[in-house]
Every structure is written in structure tokens, then in C-alpha cells.
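A.B. asks: Task: produce atomic coordinates for the following.
(chains A and B)
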2 protein chains.
Amino acid sequence: MPQLIERRDLDFLLYEVLRIEALTRTPRFAMHDRASFDGVLDAAQRIAETQFLPHAARLDANEPQFENGRVQLIPEVKQALTALIDGGFLAASFPESDGGMQLPYTLTSAAMAWFTAANAGTTGYAFLTAAAANLLRVHGTPEQRIRYMQPMLEGRWFGTMCLSEPQAGSSLGDIRTRAIRQADGRYHLIGNKMWISGADQELSENIVHLVLARIDGAPAGTKGISLFIVPKYRVTGSGGIGARNGVHVAGLNHKMGYRGTVNAALNFGEGEAAIGELVGQANHGLACMFHMMNEARIGVGMGATALGYAGYRYSLDYARQRPQGRALSNRDPASRPVPIIEHADVRRMLLQQKAYVEGALALCLYCAHLVDELATGGGEEAQAQALQHLLEILTPIAKAWPSDYCLEANKLAIQVLGGYGYTRDYPVERLYRDNRLNPIHEGTNGIQALDLLGRKLLIAQGAAFRLLLQRIAATIAEADEHESLREFRDALKAALDVAADVSMQLAAIAQRGETERFLANAAVYLDMLGHIVIAWMWLRQAIVAQAAVATASEVDRPFYEGKLRACRYFYRYELPKTVAQAALLKRADDTCLTMPLDAF
Amino acid sequence: MPQLIERRDLDFLLYEVLRIEALTRTPRFAMHDRASFDGVLDAAQRIAETQFLPHAARLDANEPQFENGRVQLIPEVKQALTALIDGGFLAASFPESDGGMQLPYTLTSAAMAWFTAANAGTTGYAFLTAAAANLLRVHGTPEQRIRYMQPMLEGRWFGTMCLSEPQAGSSLGDIRTRAIRQADGRYHLIGNKMWISGADQELSENIVHLVLARIDGAPAGTKGISLFIVPKYRVTGSGGIGARNGVHVAGLNHKMGYRGTVNAALNFGEGEAAIGELVGQANHGLACMFHMMNEARIGVGMGATALGYAGYRYSLDYARQRPQGRALSNRDPASRPVPIIEHADVRRMLLQQKAYVEGALALCLYCAHLVDELATGGGEEAQAQALQHLLEILTPIAKAWPSDYCLEANKLAIQVLGGYGYTRDYPVERLYRDNRLNPIHEGTNGIQALDLLGRKLLIAQGAAFRLLLQRIAATIAEADEHESLREFRDALKAALDVAADVSMQLAAIAQRGETERFLANAAVYLDMLGHIVIAWMWLRQAIVAQAAVATASEVDRPFYEGKLRACRYFYRYELPKTVAQAALLKRADDTCLTMPLDAF
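C.D. replies: A predicted model of the protein is given here:
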């Protein structure tokens, strides 16, 4: 079995590119060192390989069942999650004061990628619970944190996020779930929620649903939405499990992939009351939720990357072992077949995967590192503002690009395995099905594109975008030291200039108030800027690899050569695609915008 | 429910673009007219909608089971196939003298697309049987045709193609199945076959396996392969069902999609003898098989197109009905949501699908029409040679491009439906899973690329390629009549010049004997030439649409406008991608070719 995430690559990105050891020189992470970081990665790999991977296929083939009002899962799910919780991974990034390990988010993101790569379905429960707990950490009252967050961080209770409704997914302003204030200050919730991951299960003693709803009389749209805690079982005064609350599964969703993570429609307040309590201020629920959204979206990008990465590693392993055909110049049919990795087209499919998944991993970890820098370097306001801006503009890219291109990587992994890859005997088809979710949830990639172009480009008169340009320009300047990187440096500089020009043109359209035309090709814009950002990530890696390769050990040299070659692949096969996209964007093409509806 | 294949589009392509009515002026098709053609299309749609579609999801969820030595399928499969057979579709393109309808292949291809769009799994059995029967029609002895082909054309027996083995898929020269000649002139076959679609079932009275094997003592490689008929049940002297032959299922393959079509490993000659008879000449089996390969590969392209087309139609239907969000310039949250088709990004996803699937359909029907032209216009040798050349060079594109891009269309269809598209409650995820097979089987798309660049480009000193250029140039000249098509005409001309230049450069590398470098980017070459060919198909359609739109009826005008708009989409969003590809090909980039194996 291959390493699902190449540990050497994680070490490279964490320690050589991002140099996260520097974080241990800040008060927040002073209790850690390289050894403790390594220990976390070792443990994640071990638990993922021994507890998560073995039941991944069986869980996929035996999706959750809803019987007699209970959601049943195969027992290995609970065992694996117990191992994850016992390993401290649920609360890994939480402060020690909350019982967490106070680890950098960069490191825990890398560690969690192992679990997703091994078994995305089982891992889902941990992600959801950590996210719900984190929301309460920031927005909950001290009492809410003790009553709800603490049992989640201990892994006794799990959490969910209840946003969508059957009629309102991308458009959260249209949710209808009602919250009716009671005399005791609590609320009764009435309504239907859709697409709730972890909606019900028997894995945890209780489930903490974080629910968006409208308090009666609230304004229409997004400004009238509040956030509520609605537990599956009511919580007694002493924090124990009380009576069943009025939250019930209306029906499970049967998905193409990610089957191990229960997903259901939930009814609130049908029959019995669904009692909830307000989190944060009334009518500010969406802001609370979106405060968590950067990390949630980077998490989706990282999940997509992990699935793509695992597929790459499986297909690489297969390509090294599978004999088939001969060199094209070899005309002796009696000669021995060669491993398919020797065929140029197979190498292309592997190199393409490598360029996608390792580029995506570099971006997601870069963004996670910005979160850590914000958490540690928040002292100087200008610096914090800059980090925040950079994170804001990169987040839609970190969500969408990996979910688009690591899905593409999974498609290629199947292709490398040929007919075998199309069967459920090999994991690559499952990874492909799992990954198809990622362009959809946590804001579709179309929504990400609108966010990037319509909101993030224009933040503070383009300050975030200019900062991004500056950071990329700094990397280009750094590459000057290496003559062998000139090709990439020049190409990135040219692409960057074009992107800046295109962005200016689009901003001018926005300023003229032509909103529809401004945003008509937002998806193309995200794809273009995404490719440029990934090219940047590759140049960052190439600079480190180029500096290291000459003096590297025999064992290490091929690793660095691989990085340089994948960089070359990206610059020659991928980055040039942005030229045509820029031309389309620059003339603000209206082919799609003005397509008459009856002409479809 | 939407029309899975838009009938207006079929009529447009068949009658307005290809003008297949002209075929009825040839002796071969003189018994037909437009009315009989229409009747066939009507019948296909009706049977597909009433007999194939209703059990498609159930069949997918209840894949074939292998129990007590028998392969069990849900009963609807047999009912549907009986309706197809009773409708005459199995033998639709066969001569009347064989009991067929002697219909143009163009028309039956269009008709069969309905069945695949409705239910690819069930349709598979009919395709396999027709292909096996066709092979015997051409290569079988008169006796073999009576004994084996006739019961297949009557739908009493089904057929399979047994090519691959566990160790030999893409590299057929390495197959090991032995054929041992017996005193009576028949053969005993011994070996293992893999990926056999329709390998076993209880739908038909008998199964005619067409098996590639090596006669003991045959030369190594592809020149030592012979073709055999090996029936599941031996056939008595009078043509009746005899004793069980030694062909048995070793195990079913459990696929990601196309689940309704049984796929299995078969053992020949284990325990009891697997008696077979030779088809055609000894050691010429691969030639017999590949004689059928053009049609089989166009068939795969057409199947991929049908699946992509159905996804487009479902997602279009959904987008017209699903309310969500408002115009980007509308800031009133209390206003009514609009159908999502009104959002530019959704229109982009629909237009992209339309450009892909209708472009692919035009190409597959164009190729099918070449088959018909060959069958009717074979009198003049130069003309027949030209048609054959054109068919040869277009076939790998007709197989690969639709399977790549209509899979992409299916991915977009899911995205239009959002979370709903990811569930098995809607057909789009099934279509996506089904379609993932098409880039793999009948020669992977990597094999198609090697075939196109390494073989077809060089046919008769480039004669096929020059012919293709001439045909495209003729369309460009035709477009001169329409000023409004100038943009497309100019763009296609430019792309064509670049493609010709690139091809010359590559041919020069081949002539220098640098085979590996010549073929290193074959996949990119196919993608580039594929896009140019589809752009050509769009210009052909645009010329007809442009001529018709001004005088079209109120009802018809939007249809022609849609064609013109999809053409514009393809020229603006897709064709420009070929520029970067051409640059890569022109410098014969060796990034993948020279990637050190230890650097992965």
C-alpha cells in the first residue's frame, strides 16, 4: 500500500517551504517543537492507516440505514472515531485551556488530510464536530461553551451545521425556519433543514445542531437570520442528557459518494417542541456562521486535496507494478512488457495529478498558515489587516481550485488503472465519487467565483488583490537567484501582469454599475486566477527545491527533482491556459449572459 | 420529464445538416423515405421512454448477481430488450436479406442514442449482440452466419467480444488464451478472459462469444492471434441448443457505473472443453476484429454523447424550474426568487454542456454518415478510398472527444442540480458514473491518441490528414456567404493553419525516427485536433442555422438561435484553448517523456 499522503512532501511543505517551526517561537505555540509536530503527523498517519482505511470500502458499500427512527452505521466508524478522539485530533487546534493541544492549524490541517485520504466518510463526523465547537468557542457565551462545546471537544457529543433548506441552498437569505421566543428566553424552532451532514447517528451521546433560523418579525433576507443551538437531547441543568428534543430525521439522502457521512433532511418542531437557544446577537447569525467560513472552506479544499492525493498515490503505485506493452520503438513482441509508468502518456497522467494535488496542498497549507499567522501576529494592526485580506481573497480559490482539479486528478487516477480503476475492487473510483461533492458543498464553486470577483477583488478598493500581487511579485523576485527558474519566473510575471490588467478592466465595469456583465464570467476568472496562484505555489516550491537539490543526499535528490519537474509541468501544460481566459475576460464576453432562455 | 435527446436537434442534424434523405436515392436505401426514417426515430423514443427509462435507476441499484452459477438480472431488462428486438432495432442496419431493416447506419445510430440515454446498462446487450452479428456477417462462413448470426439477429441468442485478459488489455499482442486444433477441425480453447460485457446472463437462449486466442505454434504478438466462435451452449447439427460448453464465469466485476451490463472474467476450458470454431483465417483474428473497430469506436462516442446529452436535458429542465436567488443587481430580499437558468453562471454551465453534447452528436453522426456513404458510394475507387481515409482519421477523435467532453458535461449537469445532483434521487449522478467508462473501453483514450498521431496522421503519406484539412477548408469557404459567421470562419482557418503546421513538425520528428518524442504528447494532439474538428462541426451547423433563421417560424427561430449561440460559445470559450496546446506540441515538449521514474 502506498503512503496516501507522501510524508516527505508534508515535511517539505511544512518545514522547508512554510517553515512552521518559526511558530514555536511565538507564545501561543511555545510549548511545541519539531519533535512534537512530527509526533502528531506520525500519529495521524498511524491511526488513519490502521483505523480509518481498513473499513473505507465496507462503509462505502454499506451506507447508513434509517430504521425504527435510528440511523445505523457499521461499528468500525465508532472505533475509528474513538481512536481519533483519543489521539487528541478533535481538539488539536483548540487552546490548552479548553482541553485542546493548541497546535498550529497548519499542522492539524496536514494531519487531518491523512484521515480524509484514508476514509472521508468516517472523518466527516470529526470535522463537523470540531467546526461546531469552534463556532461556539468564538460566539458562544461562557455557559454555552461549558454546556455544549466542552462535551464536543471531549468527543462525547457531536455537532452539525444546519444552514440549507429544501428551497434555499445557495440563497440562504431565503431560509424559512422560524424561531419563536418563549417566556424563558429560549426559542421554539419550526421548519425543515436539508443536506445536514451528521444529522443523526448513534455514535455520540448527543448531537449539537447549530441552526440558522428567523426570529418571528425579523427583517427579510440575510439580515434577519439568527443562530441557534438545538440539541438532539435536551440538556439538564447539570449538563446531562435530558428528554428527546423535537429534531427528527425526515429522510436520509442517498449520495453518489461520501456515503459514510450520514446526510439527511431534518424536521424541527414537528410533534414535539424543538427547543433552542440563541448564539450571539439576534439577526447576526449569518455573520457568526461566516466568521467560521474561511476555515470551513479551506477545510473543503484540503479535503478535496487529500482525496486527489490518495488517488495519485494509488495510481502511481499501480503504474510502477503493472506490466503492459513495450516502448513504442520496440518492435519485438516476444520481449517482456514494461511497467506502464514507462509509457510517456502514463507519466503525463501521473505528472498532471502530481502538479494538481501537490499544488493544491501547498495552497491549502499556505492558507492555513495565514490563519496561524493571524492568531500569533495579531499584535500589529496593519499586519493583521494584511493577513486577513490575503486570507479573504485566497479562500474562495483554496475552496474551488482544489475541488475542481483534485477531482480531475481522481479522474486521471482511474484512467491510469484502466478497467481495474472503474471497479470497486480498487479505491480510486470511490475517491472520485467522494470528491465530486467538494465543488458543491460549503458554497458551490460558482458561488466561490462570485465571492472572489464580486466581493474579494473589490475589498478595500482592491487592497487584498494588490497584496496578493505583491506577495507573488516577491516570490518572482526571489526566483531571480536561480537562473534555472528563469522560465517560470518570466511566465508567472507575464501571467500576473495580464491578471492585473484584466482585474482592472473588470473593476471598471463594476464601477460603471454593470453588475451582471461584471460577474458574467466569474467562473472563468476564478479558474484563471486559481491557475496563477497555483503557479505561484509551484514557484515557491521550486525555489526551495532548486536551492536544496545540488547538495541533497542520494535519497533526497529525486524528491527535489520531482518538485522541479512538476513545476515545469504546471508552467508548460497548465499556466498557458490562462492566456485565452484572460482574453475572454478582458472583452467581458456576454455569450452566456445574453443567451436567450428559449434558445436552449 | 425532458426529451432525453432533443428530437428537433436530431431532425436538424439528420435532415438539414447531413441531408440523409439523399441516401434514399441509392439502391441500398431506396426502400426508405423520410416518413420511414421518422417512424424509426419515433419508435426508438417511445420504446426508450416506456421500456428502458423506467427501470434504469432500479437496475443501477440492483446490479447483476452471480448465484448458483447463474447471473441474475431484474426482469425489466428482458422485457425492455424484447421490445427493442420486436421493434427491429437489433438488426436495424442489417440487410433485408438477413432479416434486417437495411436502414442507414446514421439513422440507427441516432435511434440507438435514445436507448443509451434512457438506460445504458440494458442497452449494452443489444449493442454487443449487433456488433458480434455484424462481425460474423462480414467474416463468417455462410454456415456460421446461419448457425450463429441468424439467431443473434432474431434476438434469441446474444453475443460478446472476448479480447482482454487479466494481463493484457491495451496490449492485445500479449494475450495467452490457447486454441488447440482438434481432429475434426474445431478447436479447444483454454485461458482466461477479462472485462467481458454480457459474459453471462439468462436473457438469451445462448451466448455467442467471439474470442481472440492463439493457435498453438502461432507467431508471437499481434500476428499470431486468431478469432473463434465459442458458444455458451454447444450447437447441435440442426442448430438447436446442445450441451453446456466449457465457458464459465470466474467472477463478476463490480463497476462504478454501467452496472446493468454484466461484466465478468470468463474461464475457457476449465473442467470441460471449450469447443470453438475459427472465424476467418488463422492468425488474422485481430484484423477481423479491427475491421469492426471503426463502428465500435464511433458507437462508444455515440454512447458517451447520449449520456452527456441526457444529463444536459435533465439539468436544463431543472434549471428552468428551480427557483433560487435573484438577479445580482436586485437587492430586494423580499422579491421572488428567479429560476436558476436566469443566472449567468448557470447559463454558462448549460451552454457548455450544449456545445459539448451537440458538437459531439454532430461528429458521431458525421462519421456514421461516412459509413453509409462508403456502403453506397463504393463504386468509384478513389472516392471510396477518400471516405475510408476520412473515417480512419476521424474515428479516434469520435471515440475519445465525446467520451472526454460528454463526461465533462455530466459533471456540469450535477453541478447545475447542486446537492440534489449528488444524490441518487436524480439521474445525473448515474449518467456521470456510466459515462466514466467510455474514456476507458474499446481502447483507452490514450490508445486513441497514439492511433491518431502515430498511425492515422501518417496514413498514405498524410493523405487522410490532407483530406480532413480540405473538408474543413470547404466548410470555411461555404461560411463566406454569411457575414455574421466571419468571426468563426476566421478563427477556424487560423486554428487549422496552426494544426497543419504542428502536424508537419511532428511528422518530421517521426521521419527522423524519434518515435518516443513524436508520440510523447499524443493526448494533447488529440485534444487539440478534437477541438478543431468539433469547431468544424459547429461551423457546419451554424451555416445551416444562419441560412434558416431569418425565415424560420416563430417556433423554430429560437432553435436556430440556440445553435448559433452554442457555436459562438464553442468558438469563444473552447477553440482558443488550442493555441497553447499547439505551442506545446510544436516544441515537442519532453517534460513527461523524460521525467525520471524515481522523481515521482
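A.B. asks: Lowest mean pLDDT among the helices and strands, pick that one out for chain A.
C.D. replies: Least confident helix or strand of chain A, by mean pLDDT, DSSP states H and E, is helix A:285-291 with a mean of 90.
A.B. asks: by contact count, what packs against the host helix or strand of A:L564?
C.D. replies: Here A:L564 sits within helix A:557-569, counting by DSSP states H and E. Contacts defined by 3 or more CB pairs under 8 Å, 6 or more residues apart in numbering or on different chains; DSSP states H and E place helix A:557-569 against helix A:344-376, helix A:486-511, helix A:522-549. (C-beta placed from N, C-alpha, C; glycine too.)
A.B. asks: Show the subsequent helix or strand relative to the first one.
C.D. replies: So the one you mean is helix A:344-376. Proceeding N to C from helix A:344-376, the next assigned helix or strand is helix A:381-417, under DSSP H and E.
A.B. asks: same deal with the shortest one?
C.D. replies: Following the chain from helix A:486-511 toward its C-terminal end, the next helix or strand by DSSP H and E is helix A:515-519.
A.B. asks: Buried ones in that following helix, by neighbour count?
C.D. replies: A:515-519 (16 or more other CB atoms under 10 Å in any protein chain shown).
A.B. asks: Pull up the residues of the stretch 251-400 of chain A that are close to chain B.
C.D. replies: Within the stretch 251-400 of chain A, the residues that sit near chain B (CB under 8 Å from any CB of the partner chain) are A:253-257, A:316, A:320, A:323-329, A:333-334, A:337, A:341-351, A:354.
A.B. asks: Now restrict those to buried residues only.
C.D. replies: A:253, A:255-257, A:316, A:324-326, A:328, A:337, A:341-351, A:354.
A.B. asks: how does chain A divide up, domain by domain?
C.D. replies: Domain assignment for chain A by the TED database gives A:7-154, A:158-283, A:446-593.
A.B. asks: Serialize these to CSV and add fields for mean pLDDT.
C.D. replies: As requested, these are exported to CSV (pLDDT from 0 to 100):
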stretch, mean pLDDT
domain A:7-154, 97
domain A:158-283, 97
domain A:446-593, 97
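A.B. asks: With respect to B:R540, which of those lies nearest?
C.D. replies: domain A:446-593 (19.5 Å; CB to CB).
A.B. asks: Please compute how far that closest one lies from its chain's middle.
C.D. replies: For domain A:446-593, the separation from the chain centroid amounts to 20 Å (computed by CA atoms, centre = their mean, to the nearest Å).
A.B. asks: how about A:A274, phi and psi?
C.D. replies: phi -100, psi 100 (degrees, to the nearest 10).
A.B. asks: Counting neighbours, what do you get for it?
C.D. replies: 29 (other CB atoms under 10 Å in any protein chain shown).
A.B. asks: for it, which residues make a bridge with it?
C.D. replies: For A:A274, the beta-bridge partners under DSSP bridges are A:L189.
A.B. asks: quick one: the residue in the stretch 151-300 of chain A positioned nearest to chain B from A:G173, how far?
C.D. replies: Among the residues of the stretch 151-300 of chain A, A:G221 lies nearest to chain B; the distance is 2.4 Å by CB to the nearest CB. The gap separating A:G221 from A:G173 is 4 Å, by CB to CB, to the nearest Å.
A.B. asks: so what sits against both of the two?
C.D. replies: Listed as contacting both A:G221 and A:G173 by CB atoms under 8 Å, 6 or more residues apart in numbering or on different chains are B:P333.
A.B. asks: does A:A310 really touch A:A117, like I thought?
C.D. replies: Yes - the criterion here is CB atoms under 8 Å, and A:A310 meets it with A:A117 at 3.9 Å.
A.B. asks: Ignoring the adjacent residues along the chain, who's closest to the spatially most central residue of chain A?
C.D. replies: Residue closest to the mean C-alpha point of chain A, counted by CA atoms, centre = their mean, is A:V300 at 1.9 Å. Spatially, and ignoring its direct neighbours in sequence, A:V300 is nearest to A:E442 (4.7 Å; CB to CB, 6 or more residues apart in numbering or on different chains).
A.B. asks: which residues does the one you found contact?
C.D. replies: A:293, A:296-297, A:299-300, A:399.
A.B. asks: Same check on A:Q505?
C.D. replies: Here A:Q505 is in contact with A:585-586, A:588 (CB under 8 Å, 6+ apart).
A.B. asks: who wins for neighbours among these?
C.D. replies: Neighbour-wise, those (other CB under 10 Å) top out at A:L585, 25 neighbours.
A.B. asks: doesn't A:V502 make contact with that residue?
C.D. replies: Yes - counting by CB under 8 Å, A:L585 touches A:V502, with 4.8 Å between them.
A.B. asks: who touches both of the two?
C.D. replies: A:525, A:528.
A.B. asks: Not counting its neighbours along the chain, what's nearest the residue of the stretch 251-400 of chain A found nearest chain B?
C.D. replies: Residue of the stretch 251-400 of chain A nearest chain B, by CB to the nearest CB: A:P333 (2.4 Å). Excluding the flanking residues, the one nearest A:P333 by CB to CB, 6+ apart is B:G221, at 2.4 Å.
A.B. asks: pretty sure the one you found contacts B:I175?
C.D. replies: No - using CB under 8 Å, B:G221 makes no contact with B:I175, being 10.0 Å away.
A.B. asks: Looking at the two now, which is surrounded by more residues?
C.D. replies: For B:G221 and B:I175, the more surrounded residue by other CB under 10 Å is B:I175, and the numbers stand at 26 against 19.
A.B. asks: Pull the contacting residues for that one.
C.D. replies: Contacts of B:I175 by CB under 8 Å, 6+ apart are B:163-165, B:168, B:191, B:212-214, B:225.
A.B. asks: If you rank those by neighbours, which is first?
C.D. replies: For those, neighbours tallied by other CB under 10 Å; top is B:A213, 30 neighbours.
A.B. asks: ok, now which ones touch A:I414?
C.D. replies: A:311, A:315, A:421-422, A:428-429, A:432, B:436, B:440.
A.B. asks: residue boundaries of the strands in chain A?
C.D. replies: Assigned strands in chain A, in chain order: A:65-67, A:70-72, A:157-162, A:178-181, A:187-197, A:206-215, A:226-231, A:233-235, A:241-244, A:247-252, A:263-268, A:274-279 (criterion: DSSP state E).
A.B. asks: hmm, back to that, residues shared between the contacts of A:A310 and A:A117?
C.D. replies: By CB under 8 Å, 6+ apart, A:A310 and A:A117 have these common neighbours: A:4-5.
A.B. asks: Have a look at these two and say which one is more surrounded.
C.D. replies: Taking other CB under 10 Å, A:A310 and A:A117 do not tie; A:A310 has more neighbours (34 against 30).
A.B. asks: tally of neighbours for A:A22?
C.D. replies: Using other CB under 10 Å, A:A22 has 13 other residues around it.
A.B. asks: And for A:G308?
C.D. replies: Neighbours of A:G308 (other CB under 10 Å): 32.
A.B. asks: how far away is it from A:V40?
C.D. replies: To A:V40, A:G308 is 23 Å away according to CB to CB.
A.B. asks: Same check on A:A22?
C.D. replies: 17 Å.
A.B. asks: can you list the residues of the stretch 451-600 of chain A near chain B?
C.D. replies: Residues of the stretch 451-600 of chain A lying near chain B (CB under 8 Å from any CB): A:454, A:515-516, A:519-524, A:558-559, A:561-562, A:565, A:568-569, A:572-573, A:576-577, A:579-580, A:583-584, A:589, A:591-593, A:595-600.
A.B. asks: try 6 Å
C.D. replies: By CB under 6 Å from any CB of the partner chain, the residues of the stretch 451-600 of chain A that approach chain B are A:515-516, A:519-520, A:523, A:558, A:561-562, A:565, A:568-569, A:572, A:576-577, A:580, A:589, A:591-593, A:595, A:597-600.
A.B. asks: which among the residues you listed end up buried?
C.D. replies: A:515-516, A:519-520, A:523, A:558, A:561-562, A:565, A:568-569, A:572, A:576-577, A:580, A:589, A:591-593, A:595, A:599-600.
A.B. asks: List the residues that contact A:L210.
C.D. replies: Listed by CB atoms under 6 Å, 6 or more residues apart in numbering or on different chains, the contact partners of A:L210 are A:132, A:161.
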